[in-house]
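**Q** Please work out how this folds:
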Amino acid sequence: MSNWETMTDYELVSLYEKGNDSAFDALLRRHQEYVFSYILFLVQNRDLAEDIFQETFTRAIIAIRNHRYQSTGKFSAWLIRIAHNLVVDNMRSSENCNVTSNEDFPQDILNSTKHSEQAVDTQIMEMQDAKTLQSLLAYLPEPQADVVILRFYEDLSFKEIAERTGVSINTALGRMRYALINLRKLIQKHNLSLAV
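**A** Numbers count the residues shown, from 1 in each chain. The predicted model follows:
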């Protein structure tokens with residue numbers, strides 16, 4: 001009998017793809033807390049979070065069984081992307097928001113001090129108390145929302161964020177920069193009174 005805890009996500013996915021249901025159970029146990037917490041943080045409604053959580057893993061099951069899962073990154077990041085897309089789909093029904101992605105700009109713009117801002121950490125920390133921030137994060141592209149959550153709610157350094165998400169520190173910093181730009185746009189659009 002295999003020791004599921006010592007196997008990599010890739011090994012478990014491969015076994016499940018071949019029909020071993022216990023391998024998926026191990027994946028579920030490994031990732032359920034993180035994925036559910038992420039969803040609940042964004043939607044702030046336990047019943048809705050449970051529905052989206054179930055749909056996330058249902059879609060993962062279907063994709064793996066149909067050989068559509070590609071191991072180009074971390075399995076947990078793939079699950080979060082599915083969950084994030086489902087949250088966005090759920091929130092899109094209320095309103096459509098325009099956001100900016102750092103993928104639209106050259107990488108070197110992210111290292112320029114003329115594009116940096118004073119007290120970015122302070123601004124986000126002030127926003128942290130507002131429930132509105134949690135709903136606004138669902139409108140951000142998933143990589144930007146992830147950086148905000150990992151930085152200010154899990155208290156990770158940008159180096160740790162880069163390692164967890166599989167990107168460079170500069171990319172993590174750039175995603176934070178564009179998350180702030182997009183949050184400001186959303187706040188202005190909705191006439192919210194948050195300190196950004």
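
**Q** Check residue 157 and give its pLDDT.
**A** Per-residue pLDDT puts residue 157 at 82.

**Q** do residue 29 as well
**A** pLDDT recorded at residue 29 is 91.

**Q** what's the neighbour count on it?
**A** For residue 29, the neighbour count with other C-beta atoms under 10 Å is 11. Heads up, the C-betas are built off the backbone N, CA and C, glycines and all.

**Q** Can you give me the domain assignment for the protein?
**A** Segmentation of the chain into domains, based on automatic domain parsing, reads 4-92, 105-189.

**Q** weakest of these by average pLDDT?
**A** Across the domains of the chain, domain 105-189 gives the lowest mean pLDDT, at a mean of 70.

**Q** Is residue 12 in contact with residue 23, as I believe?
**A** Yes. Look at residue 12 against residue 23 with C-beta atoms under 8 Å: they come within range, at 4.5 Å.

**Q** Spatially, what comes nearest to the most centrally placed residue in the chain if we skip its sequence neighbours?
**A** For the chain, the residue nearest the mean C-alpha position is residue 146 (3.8 Å; C-alpha atoms, centre = their mean). In space, and not counting its chain neighbours, residue 146 is closest to residue 165: 6.2 Å by C-beta to C-beta, 6 or more residues apart in numbering.

**Q** Overlap of the contact sets of residue 12 and residue 23?
**A** Shared contacts of residue 12 and residue 23, defined by C-beta atoms under 8 Å, 6 or more residues apart in numbering, are found at residue 4.

**Q** Identify the residues contacting the helix or strand containing residue 33?
**A** According to DSSP states H and E, residue 33 maps onto helix 21-43. Where contact means C-beta under 8 Å, 6+ apart, the residues beyond helix 21-43 that reach it are 4-5, 7, 9, 12-16, 46, 49-50, 52-53, 56-57, 61, 64, 75-76, 79-80, 83-84, 86-87, 90, 134-135, 137-138, 145, 149, 153.
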